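Colleague: Provided below are the primary sequence and the corresponding predicted coordinates.
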Amino acid sequence: MSGYLKNFRSAQYSQCLSYSVSRLDRLLVLGSVETHSSAPPLACLGGFCYNSVMFIKRPWAFWRRVQYGGGFSLVLILLLVYVYQSYIYTAASCFDGRQNGTEVGDDCGGGCARICLADVQAPVVKWAKSFKVTDGQYNAVGYVENMNLEAGTAEIGYKFLLYDSEGLIAESAGTTYLPPDGEYPIFAGRINTGSRIPTKTFLELEEAPVWQTVYGGRDLFTVTKRELLGVDDRPRLNATIENNSLAELKNAEVVATIFNSQGTALTASRTSIDSLAGETDSDVVFTWPLPIAKTIRSCEVPTDVVIAIDLSGSMNSDSLEPPEPLTSVIKAANDFVTRLQSADQAALITFATTASVDSQLKSAGTVAALIANLAIDPAEETGSTNTGEAFTKAEEVFSASFHNTNARKVMVILTDGKATAPDEDPEGYAIRKATQLKSSDVEVFAIGLGESVNMDFIREIASENDAFQALSADEVDQIYRDITESICEDGPAVIDIVTKTKSHFTPIR
């Protein structure tokens, strides 16, 4: 029975397959596929045949369409992938605003060159000050300390604020860069202040948005030479800057600040170096439009001093022998001149009814001998006091060829009475001549001798804070000593030259 069933099923399957093939031959139509639910099944399995059969006409045309469709689909997919990659997809980076991969924070730390702000110490403003360039214009300088040993920023915003007693005068804002490990100056030049004079200067720093690892700060450069010239004429600071690294450094900013022996900043200037090859040096020059000799009081800067002494008859009014107060004044003036430095010069002017130059600028020893021999002309016992002409003669002395253009200019004038010549407004005349002299960058120290001296007049002819009153002849020597300390501070002036660049900062974009 089983053999019979097997033969029956085999015969039935063969019949079904034969009929299906014959139907397929009759139904082939060019390039089409048809489905006929009434057609016999294309295949039978296990004695049962399916009720629908797919019939393909021209198989080669069908497969060509499959190839064309597949190729078009592939091109479309590639185009979509390109658009997505180019305009939609954003790869993980150090600037995507997210924490990715090995980053410690958002876009910082790990594989990113940026340093997380939490790992950076904020820079600190150490001091800020403004310096007069010319009338109505000031330079502002502030020193900023970056305590991060290997972290710097390529961009940090700043703002200088200049004030006087009435409030804000002017402000100057900008951006700069800050190398690591050191104090660096920020310089803003020629800030307009109009007719107001700043008395306080502040420096504000913005938060730097990006900090990065930087190797090398102030140690990249060395100053091998400093030479300050022409401080009383056309000030010029010559310096030589050496690049200590092997790499070329470009676009370096160089700021020179001069401090006194107590560390107070006196003035500053800025220059630049376009390019400096590795292990080479370059000469730079700093300049100032006006003399700075009066500003720098270090004994390293020489001084030209004009001594002006009143020899009118009232100077020996006590009728003593030796005459007083003249004798004490002469001794004090002589001691003052002998205390001058070896590079200093002195000149002597005496005045009564008229003024005369007893000595042009010479060595202090030569002038001291002349002072020791001074005496009042008997004819001046009834004469007058022409204080204004003493200032005129002093201006002539400083304009002569004997003046050292590398020296500061100082006048010390002593008188015991009012100006009485010329006849028309003698005090006003003296004040005008003193003002004219001071405008040529001469610092005037004025000593009024005696209780009856007009100190308002003495203060008018003197420079600011440089007026003194000696109630007796004995006090004159101490005043001269105070003047010596004022024009020549103990200790050298410090010239700090700082060079900085960001050309060694690694680009982080």
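Modeller: Perfect, I can see it now. Residues are numbered from 1 along each chain as shown.
Colleague: for stretch 300-316, buried residues please.
Modeller: 300-316 (16 or more other C-beta atoms under 10 Å). Bear in mind the C-beta positions are built from the backbone N, C-alpha and C, glycine included.
Colleague: how many residues are close by the residue lying closest to residue 471 once chain neighbours are set aside?
Modeller: In space, and not counting its chain neighbours, residue 471 is closest to residue 451: 5.9 Å by C-beta to C-beta, 6 or more residues apart in numbering. When neighbours are counted by other C-beta atoms under 10 Å, residue 451 registers 9.
Colleague: next one: residue 334
Modeller: Neighbour number of residue 334 under other C-beta under 10 Å is 20.
Colleague: now swap in residue 75 and tell me
Modeller: 10.
Colleague: what's the next secondary structure element after the helix or strand where it lies?
Modeller: Under the criterion of DSSP states H and E, residue 75 resides in helix 59-83. Moving toward the C-terminus from helix 59-83, the next helix or strand (DSSP H and E) is strand 124-134.
Colleague: quick one: buried residues of that following strand?
Modeller: Those would be 128, 129, 130, 131, 132, 133, for strand 124-134 by 16+ other C-beta under 10 Å.
Colleague: pretty sure the second one contacts residue 201?
Modeller: Just to be clear, that refers to residue 129. Yes. With contacts counted by C-beta atoms under 8 Å, residue 129 reaches residue 201, the gap being 5.3 Å.
Colleague: for the lengthiest strand in the chain, the averaged confidence score.
Modeller: Counting by DSSP state E, the longest strand found in the chain is strand 151-164. Strand 151-164 shows a mean pLDDT of 96.
Colleague: go on, stretch 64-79?
Modeller: Mean predicted lDDT for stretch 64-79 stands at 85.
Colleague: so how far is that stretch off the chain centroid?
Modeller: 65 Å (C-alpha atoms, centre = their mean, to the nearest Å).
Colleague: same deal with stretch 107-115?
Modeller: With C-alpha atoms, centre = their mean, you get 29 Å for stretch 107-115.
Colleague: ok, and what's touching that stretch?
Modeller: The contact list for stretch 107-115, computed with C-beta atoms under 8 Å, 6 or more residues apart in numbering, reads 93-99, 101-104, 116-117, 119, 151, 210-213, 506, 508.
Colleague: quick one: terminal-to-terminal distance for it?
Modeller: End-to-end span of stretch 107-115 (C-alpha to C-alpha, to the nearest Å): 9 Å.
Colleague: name the nearest residue to residue 418, sequence neighbours excluded.
Modeller: Using C-beta to C-beta, 6+ apart, the nearest residue to residue 418 is residue 454, at 5.4 Å.
Colleague: so what's the one you found up against?
Modeller: 418, 427, 448.
Colleague: helices - which of those land there?
Modeller: Cross-referencing these against helices under DSSP state H gives residue 427.
Colleague: so what's residue 284 up against?
Modeller: By C-beta under 8 Å, 6+ apart, the neighbours of residue 284 are 238, 239, 240, 241, 254, 271, 273.
Colleague: element containing it?
Modeller: strand 281-287.
Colleague: and the next helix or strand past that strand?
Modeller: Immediately after strand 281-287, counting by DSSP H and E, sits strand 303-310.
Colleague: for the helix or strand following that following strand, packing partners?
Modeller: Sequence-wise, the next helix or strand downstream of strand 303-310 (DSSP H and E) is helix 326-338. Here helix 326-338 touches strand 303-310, helix 364-372, strand 408-415, helix 476-487, going by 3 or more C-beta pairs under 8 Å, 6 or more residues apart in numbering; DSSP states H and E.
Colleague: for residue 341, find the nearest of the ones you listed.
Modeller: The closest of the helices and strands packed on helix 326-338 to residue 341 is strand 303-310. By C-beta to C-beta, the value is 7.3 Å.
Colleague: ok so, going back, report the distance from the helix holding residue 75 to the chain centre.
Modeller: 65 Å.
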